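*Asks:* sequence and predicted structure, then a few things I'm wondering about:
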Amino acid sequence: MAKVIQKSNVDWALRPSQHIVGHHALRGIASVSVAIMHLQMATRLGFPSLQTHLAFFANEAVDLFFILSGFIFAYVYAGEGRIDWKDFFVARFARIYPVYLLSMLVVMALDAVTLLRYGVAYRSLSPLRILLNVLGVQAWFGHATSESINLPAWSVSVEIFLYLATFPLMIAVFGRKLKAGFGLLLPVCCACSLITAWCYVAFEGGDLHSPPRPVLRGIAGFVAGFVMCGFLRGRNWRVSWSSLWFCIGTFGLVLVLHPTFASGTFAARVAAWAFMAMIVYGTFDNKSLPGRWFSWRVFDVLGTLSFSLYLWHIPVETVLRRVLKFVTHDSEVESSRQFAWMLLIMLSLVSIVSYYGIEDPARRRIRMYFGAKKNRVPDDSPQDDSVPAHGAR
């Protein structure tokens, strides 16, 4: 089990290996919620109430990933003086690219099989589209989900933008003096929540994933998380305060996600973003009540497997559905409860194999090959990495 913070006012920049169990768990919960929502839509099991809740939260979960990402990068890197940028980018590449590339190649292979069997592909694989996805920049220039070969990977593309542009800019601005007061935290969070809500509702009938909205959402969440970490850094907060903010954020988010309130209005989006920020704020301390809850093994497993689960849930569903249709000749096989259970088991196994057989070994070998230093980013860093997760609409 990871070490627990011993002092609330610890200088986090000097404790880069600290494992924040609450944030690790949030990453897993958000990834699972997005995967369930997508698979519910794909399997058509007919739970309209469940789909309503998840469809609203799945979009918000993406913003939760971005907030967590900004927080963890400030937590690990800001204030340490000179950053070894070569080591930083090698670590980021090693962390996300192997599984990202492999899952994309699997989807391309599935499309090739569809083309050979039916004479038409599920999506167009033009050389430009393949190049943009290989480089991980598809969400920068085109429609985020339409241009992503593996649909959920659009947020990985946004993360790459945050690595290359937003994070270096934040380091240039804050440097070693990552200490933000309430006078900075409040306006930054207000502005970021408004920007995110605008991305959802601007222009009636507009598309959430058309540029520049995906990148703007990523920047807003990352900057807010970064400044939030600066606000907490060096402060002597009592554990009870973090628990209080977690309870307020959770209760408020549940209310906003209720069908009565989840209308997708501008105010609802602002409120949902604000409550998620409170949850992130309230789970930074391992000694708090949320920290003890999230130290349970099930949350640790979800957080560890979240990136693989996120990138593989659509390819796994596609493979299983096509295989069962071919074997059973049942065109509605995905509507059965048996299919849902088989999908759950298969996705769990694939995620375990992906993490322990691909993601973790590849990360270590790539870093060793390039002579990178010992990884300063904890393995529980949010989607380190954040990612994940593809929006619902």
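*Replies:* Now that the structure is in, tell me what you want to look at.
*Asks:* so what's Val99 up against?
*Replies:* Taking Cβ atoms under 8 Å, 6 or more residues apart in numbering as the criterion, Val99 is in contact with Phe307, Ser308, Leu311, Trp312, Ser354, Ile358, Glu359, Ala362. C-beta: built from backbone N, CA, C; applies to glycine.
*Asks:* could you identify the most distant pair in these?
*Replies:* Trp312 and Ala362 (14.8 Å; Cβ to Cβ).
*Asks:* of these two, which one has the most company?
*Replies:* More neighbours surround Trp312 than the other of Trp312 and Ala362, with 25 against 17 (other Cβ atoms under 10 Å).
*Asks:* tell me which helix or strand the more buried one sits in.
*Replies:* Using DSSP states H and E, the element containing Trp312 is helix 297-328.
*Asks:* CA atoms of the helix or strand just after that helix as CSV?
*Replies:* Towards the C-terminus, the helix or strand next in line after helix 297-328, according to DSSP H and E, is helix 337-354. Below are the C-alpha coordinates for helix 337-354, written out as CSV (Å, rounded to 0.1, in the frame of the first residue of the first chain):
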residue,chain,number,x,y,z
ARG,A,337,-27.9,-10.2,-20.9
GLN,A,338,-25.5,-13.0,-21.6
PHE,A,339,-23.6,-10.8,-24.0
ALA,A,340,-23.3,-8.1,-21.4
TRP,A,341,-21.8,-10.5,-18.9
MET,A,342,-19.4,-12.0,-21.5
LEU,A,343,-18.4,-8.5,-22.4
LEU,A,344,-17.7,-7.5,-18.8
ILE,A,345,-15.5,-10.6,-18.3
MET,A,346,-13.7,-10.2,-21.6
LEU,A,347,-13.0,-6.5,-21.1
SER,A,348,-11.7,-7.2,-17.6
LEU,A,349,-9.3,-9.9,-18.9
VAL,A,350,-8.1,-7.8,-21.8
SER,A,351,-7.5,-4.8,-19.5
ILE,A,352,-5.5,-6.9,-17.1
VAL,A,353,-3.4,-8.4,-19.9
SER,A,354,-3.0,-5.0,-21.5
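*Asks:* which regions of this protein sit below the pLDDT cut-off?
*Replies:* Residues of the chain meeting the criterion pLDDT under 70: 1-18, 42-56, 79-81, 118-123, 144-145, 176-177, 202-209, 234-240, 258-264, 372-393.
*Asks:* longest helix in it, by residue count?
*Replies:* helix 85-118 (DSSP state H).
*Asks:* quick one, that helix and helix 337-354 angle?
*Replies:* Counting by axes from the mean of the first three to the mean of the last three Cα atoms, to 10 degrees, helix 85-118 lies at 140 degrees to helix 337-354.
*Asks:* between the contacts of Val99, which sits nearest Leu185?
*Replies:* Using Cβ to Cβ, Phe307 is the member of the contacts of Val99 that sits closest to Leu185, with 28.6 Å.
*Asks:* tell me how many other residues crowd the closest one.
*Replies:* For Phe307, the number of neighbouring residues by other Cβ under 10 Å comes to 29.
*Asks:* my read: it touches Ile358, true?
*Replies:* No - between Phe307 and Ile358 there is no contact, the gap being 10.8 Å when judged by Cβ atoms under 8 Å.
*Asks:* where along the stretch 101-250 of the chain do the helices fall?
*Replies:* When assigned using DSSP state H, counting those that start in this stretch, the helices of the stretch 101-250 of the chain occupy the ranges 127-135, 138-141, 144-147, 154-161, 167-174, 182-201, 213-232, 239-257.
*Asks:* okay, these, which one's buried deepest?
*Replies:* Each of these was scored by mean neighbour count; the highest is helix 154-161, a mean of 27, by mean count of other Cβ atoms under 10 Å.
*Asks:* chain center to that helix, what's the gap?
*Replies:* 10 Å (Cα atoms, centre = their mean, to the nearest Å).
*Asks:* picking up where we left off before, buried stuff in the longest helix of the chain?
*Replies:* Counting neighbours by 16 or more other Cβ atoms under 10 Å, one finds that the buried residues in helix 85-118 are 87-88, 90-104, 106-108, 110-111, 114.
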